[in-house]
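Chemist: structure of the sequence below:
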Amino acid sequence: MTIRSMAALAAAFVVGLPLGVRAEPAMLKYAFPAPPASLLNIWAMTPFAEDVNKASDGTLDLKLFFGPSLATFGNVYDRVTSGVIEVGFGMSGQFGGQFVKSEVASLPFLSESCYEASVATWRLYEKGVLAQEYERVKPLGLFHLTSSSFHTTNKPLKTMEDFKGVKFGVTSRTSGQYVEMLGGVAIAMQPSEVYQALQRGLVGGTALGWPAVPTFKIEEVTKYHLDVFYTVNPAFVFMNKDAYARLPEKARAAIDRYAGEPYSARLGKAGDRMDENGREQTRAQAGHAFTTIDAAELERWKKLFAPVIDEWAKATPDGEKVLAAYRTEIAKIRAEKK
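Modeler: I've put the predicted structure just below:
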């Protein structure tokens with residue numbers, strides 16, 4: 001027996017495998033607290049996992065777990081950082097005070113699509129502007145979903161004056177703030193509670209992004225829809241840092257190939273696609289009226305919300321710097337499209 005063959009035999013003995021047998025792929029638990037039928041999963045999460053697994057050359061099994069079996073939207077960040085799960089999807093707004101600088105993308109009228117907001121946010125992270133907020137995790141994707149548009153039961157909305165006195169079911173602090181600035185009355189509730197509140201007349205409208213409309217059957221209890229893109233809802237896909245470090249080189253290379261800006265862009269595009277899907281599903285049903293605000297009214301809205309941007313920049317550490325950097329990235333992304 002040659003020295004080389006003896007070394008191979010010894011190596012196989014050490015790892016406990018017969019010659020010619022490959023090690024089992026490293027299994028990474030990927031928590032997706034929403035249902036598997038979610039379009040975000042179908043259009044972005046599962047394709048990403050499939051791409052990574054294929055590129056890993058058999059060294060990795062990135063496996064999605066749906067619903068609250070491994071994590072909820074309320075604890076997914078802690079589950080990732082503690083190592084209970086290796087990868088997790090969540091909504092940044094659930095963890096108040098953790099991602100303050102990253103909230104820049106949610107400021108009104110700074111972006112015109114989920115794609116823009118997602119890519120710009122990732123680039124700020126990559127350049128170190130937001131890096132401090134993500135020191136405990138390895139971000140795989142930073143992205144945004146829409147939380148814009150208004151839906152009412154018996155009153156169309158065309159101007160700010162139409163909001164006066166109308167009670168709106170809101171699902172976030174930010175949307176509640178904007179509703180009240182427009183003259184409405186914000187009533188906080190969970191997304192799953194909005195349908196019943198509208199049905200019972202406890203509220204006369206809701207501020208929800210289009211993807212949530214068919215999900216929670218809001219079109220069944222509303223008739224009028226004001227279509228306006230003015231803010232986004234930040235989200236993330238995080239990986240446990242230690243779990244990443246333990247992976248074989250091929251597995252890490254596969255993740256790095258598809259994560260980062262490519263994954264953020266993919267997720268952002270899925271958000272825009274979900275927005276259009278929810279809109280078109282509602283439009284296809286009889287009895288619904290759609291309105292938009294004209295250029296003059298849009299300027300009134302932007303002027304109304306301008307102090308929100310200024311106040312955020314002053315109250316946030318390095319806020320002016322972060323805001324300027326975000327606007328720069330948005331401008332670059334728009335130039336890239338031309």
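Chemist: for the stretch 201-338 of the chain, which segments count as strands?
Modeler: Assigned by DSSP state E, counting those that start in this stretch, the stretch 201-338 of the chain shows strands spanning 205-207, 224-226, 232-239, 289-291.
Chemist: which strands and helices sit next to the third one?
Modeler: Looking back up the chat, that one is strand 232-239. When contacts are defined as 3 or more CB pairs under 8 Å, 6 or more residues apart in numbering; DSSP states H and E, strand 232-239 sits against helix 76-82, strand 87-91, helix 114-126, strand 138-146, helix 261-283. To be clear about C-beta, it is placed using only N, CA and C from the backbone, and glycine gets the same treatment.
Chemist: pLDDT at the nearest residue to Ile309 once chain neighbours are set aside, what is it?
Modeler: Nearest non-adjacent residue to Ile309, counting by CB to CB, 6 or more residues apart in numbering: Leu107, 5.0 Å away. Note on Leu107: pLDDT of 95.
Chemist: state the distance from Leu107 to Tyr224.
Modeler: 27 Å (CB to CB, to the nearest Å).
Chemist: which one of the two has more residues nearby?
Modeler: When Leu107 and Tyr224 are compared for neighbours, Leu107 comes out ahead with 22 against 19, by other CB atoms under 10 Å.
Chemist: tell me the centre residue of this protein?
Modeler: Ala235 (3.0 Å; CA atoms, centre = their mean).
Chemist: check what pLDDT that residue gets.
Modeler: Ala235 carries a pLDDT value of 94.
Chemist: ok, it - contacts?
Modeler: Neighbouring residues of Ala235 by CB atoms under 8 Å, 6 or more residues apart in numbering: Phe89, Gly90, Met91, Ser92, Leu142, Phe143, His144, Leu145, Leu267.
Chemist: any idea what the first one is bridged to?
Modeler: Read it as Phe89. Val237 (DSSP bridges).
Chemist: now do the contacts for it.
Modeler: Tyr30, Ala31, Phe32, Pro33, Ala34, Met45, Val76, Ala235, Phe236, Val237.
Chemist: how about the residues you listed in TSV, adding distance to Pro68?
Modeler: Formatted as TSV, the contacts of Phe89 follow (distance: CB to CB, whole Å):
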residue	distance to Pro68
Tyr30	14
Ala31	9
Phe32	10
Pro33	6
Ala34	10
Met45	16
Val76	10
Ala235	17
Phe236	18
Val237	17
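Chemist: can I get the helices and strands packed on strand 232-239 in a markdown table including distance to Thr152 and mean pLDDT?
Modeler: Below are these laid out as a markdown table (distance: least, CB to CB, whole Å; pLDDT from 0 to 100):
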| stretch | distance to Thr152 | mean pLDDT |
| --- | --- | --- |
| helix 76-82 | 33 | 97 |
| strand 87-91 | 25 | 95 |
| helix 114-126 | 24 | 98 |
| strand 138-146 | 18 | 95 |
| helix 261-283 | 13 | 96 |
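Chemist: let's have those in a markdown table, adding distance to Glu249.
Modeler: Below are the helices and strands packed on strand 232-239 laid out as a markdown table (distance: least, CB to CB, whole Å):
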| stretch | distance to Glu249 |
| --- | --- |
| helix 76-82 | 22 |
| strand 87-91 | 19 |
| helix 114-126 | 22 |
| strand 138-146 | 16 |
| helix 261-283 | 20 |
